[in-house]
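Chemist: need a 3D model of the following:
(one chain, ligands or ions: 1)
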Amino acid sequence: MTEKQGQSPETLSGRRMNRRDFLKIGGAGLAGAALLGVAGCGGGGGSSEGGSGDIVFAMGPDTSGSLQKLIDKFNKENKGKYSVKYREMPTDTGQFFDKIRTQFQSGGGDIDVIGGDVIWPAQFAANGWILDVSDQLPDNERNKFLEGPIASMTYEGKLYGIPWYTDAGMLYYRKDLLEESGFNEAPKTWDELKEMATKVAEDSGTKAGFVWQASQYEGGVVDGLEYINSYGGKVLDDNDASKVVIDSPESVEGLAMAASMIADGVSPQAVTNYTEQESQTSFLNGEAVFCRNWPYMYALVGNPDESKIKPEQVSVAPLPAGSAGSVSGLGGWNFYINAASQKTEAAIAFAKFMAEPAQQKYRALNGSFLPTLKSLYEDKEILDAVPVIALAGEALANTIPRPVSPAYSDMSLKMAEQFNRAFKGDVSPEEAVKTLQTELQQIADQAS
Ligand code: GLC
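Modeler: Here you go, the predicted model:
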């Protein structure tokens, strides 16, 4: 329904949706009625009674500074009732996941609510580690959120999280340098990007043409899949999720394009060790013409402590297209309630507070985080102040999620390894997808 997630990339080709299209497809009731202020939002699970309302919230570092402010607001409004402590977790989603999984495996740990990656719920739910929160968001409330985040948290028909913010890969570029080289708009295809990046870097003496996330970790998987999906390659069969179909000419084409960025010198060899942070540093230091990153980086461009370049030098565009169109990886972070928590009432109250329009809007304005509430894509203040959000509305229509599977974390480790080897040129794209075909199918078979 809403986004084209899960649809075959062929149908994505050519046409780009405008924001209205995107909202229409979502069947968005944009009434903007008070959200989540529903009655009966008490504890969500058996263990909600007992214990004080002091809870631990686990989340990675927040470079925007907006998170602690909202926690303070919640604590003030709920004084004497609930209080939230923010426990900072690793930036790297894989390391964060490992820590949480270890706690869950050893009996739950002391974390009550997790600000967790969109790729985790299937695995956590299958193991009974997080609460089914279906009752917390009845249909009329659920409809107010984008379909992608809801779909990613739905496992065997039940909802396992409260939506927070979503993410879509975007292309950042140096508008000023492009103009100096005679280009008035962003590249539309990966081939165009290669040409433009090479020329502009040369003309302007900029160190790198294009920086992105090619390191061996989850972000490398996202980037690799963006290339693969944009040529029509897929990991799992659309109609049968137990069938791995990554070994295809389309996947090879996508990975070959990625590897050629490095082999042809458009991207420095060093990107094979870049995560979001290194890409960001390079771009914000003025050392790269193009950068693939998530919307959060836009807020940092406007912060002189973080960035040597200014907002007026930067523009954002959808990622370039392969033969099957432009595809952004679907990312995002949501709230998952630890099933072993003794304080689920407070945990749910906090998650719901953070999902409310006012809090989502604050994070949009102060951190360029993409709201999960459809209505905020019509909010003039946000659209005027944060152009990346206006644009991301389009990118969201062209997102493809990573496989939703209780075995995803194992699959991801294999993809991270093979993609990185292919990016470096240590294996050919053909070998990489052949290896993955066998490895991923084994994992899928064991999981079923
Ligand atoms: C972003 C995305 C998340 C993804 C991660 C990879 O944080 O929101 O979904 O897994 O990047 O580095």
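Chemist: leaving out chain neighbours, which residue sits closest to whichever residue of the chain sits closest to the ligand?
Modeler: The ligand sits closest to G331 of the chain, with a gap of 2.6 Å, by CB to the nearest ligand atom. The way it works is simple: take the backbone N, C-alpha and C, and place the C-beta from them, glycine included. Nearest residue to G331, sequence neighbours excluded (CB to CB, 6 or more residues apart in numbering): D167, at 3.1 Å.
Chemist: okay, now the residue of the chain closest to the ligand: neighbour count?
Modeler: 26 (other CB atoms under 10 Å).
Chemist: so what's it up against?
Modeler: 117-118, 166-169, 222, 294 (CB atoms under 8 Å, 6 or more residues apart in numbering).
Chemist: try 10 Å this time
Modeler: Applying CB atoms under 10 Å, 6 or more residues apart in numbering, one finds that G331 lies in contact with 93, 117-119, 148-149, 152, 165-169, 218-219, 222, 294-295, 370, 399, 401-402.
Chemist: and for F423?
Modeler: Counted by CB under 10 Å, 6+ apart, F423 has contacts 212-216, 220, 223-224, 227, 255, 258-263, 267, 269, 271-272, 429, 432.
Chemist: next up, identify which helix or strand it is on.
Modeler: helix 408-424 (DSSP states H and E).
Chemist: that helix near the ligand anywhere?
Modeler: No: contact of helix 408-424 with the ligand (CB under 6 Å from any ligand atom) is absent, the minimum separation being 8.8 Å.
Chemist: use 518 as the first number from now on
Modeler: Yes, from this point I'll number from 518; that puts the last item at helix 925-941.
Chemist: gap between that helix and the chain center?
Modeler: 18 Å (CA atoms, centre = their mean, to the nearest Å).
Chemist: next: stretch 674-684.
Modeler: That offset, for stretch 674-684, works out to 12 Å (CA atoms, centre = their mean).
Chemist: check which residues of it are buried.
Modeler: By 16 or more other CB atoms under 10 Å, the buried positions in stretch 674-684 come out as 676-684.
Chemist: which residues of the stretch 718-867 of the chain lie near the ligand?
Modeler: Residues of the stretch 718-867 of the chain found near the ligand (CB under 6 Å from any ligand atom) are 735-736, 739, 793, 811, 848-850.
Chemist: out of the residues you listed, name the ones that lie in helices.
Modeler: Among those, the members found in helices (DSSP state H) are 735-736, 739, 793.
Chemist: where do the helices sit along the stretch 518-667 of the chain?
Modeler: Assigned by DSSP state H, counting those that start in this stretch, the helices in the stretch 518-667 of the chain fall at 536-542, 583-594, 610-622, 638-643, 656-659, 664-669.
Chemist: then the shortest one to PDB, C-alphas only?
Modeler: Provided in PDB are the C-alpha atoms of helix 656-659 (Å, rounded to 0.1, in the frame of the first residue of the first chain):
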ATOM      1  CA  ASP A 656      -5.700   0.400  13.500                       C
ATOM      2  CA  ASN A 657      -6.900   4.000  13.600                       C
ATOM      3  CA  GLU A 658      -3.700   5.000  15.400                       C
ATOM      4  CA  ARG A 659      -1.400   2.700  13.300                       C
END
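Chemist: tell me the buried residues in that helix?
Modeler: Those would be E658, for helix 656-659 by 16+ other CB under 10 Å.
Chemist: quick one: that helix to chain centroid distance?
Modeler: On CA atoms, centre = their mean, the centre of helix 656-659 falls 23 Å from that of its chain.
Chemist: which parts of the chain are strands?
Modeler: 571-576, 600-605, 630-634, 671-672, 675-676, 679-685, 687-691, 725-728, 805-810, 831-834, 845-854, 887-888, 916-917 (DSSP state E).
Chemist: can you lay out those strands as CSV showing mean pLDDT?
Modeler: Formatted as CSV, these follow (pLDDT from 0 to 100):
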stretch, mean pLDDT
strand 571-576, 97
strand 600-605, 97
strand 630-634, 98
strand 671-672, 94
strand 675-676, 97
strand 679-685, 97
strand 687-691, 98
strand 725-728, 98
strand 805-810, 98
strand 831-834, 96
strand 845-854, 97
strand 887-888, 97
strand 916-917, 92
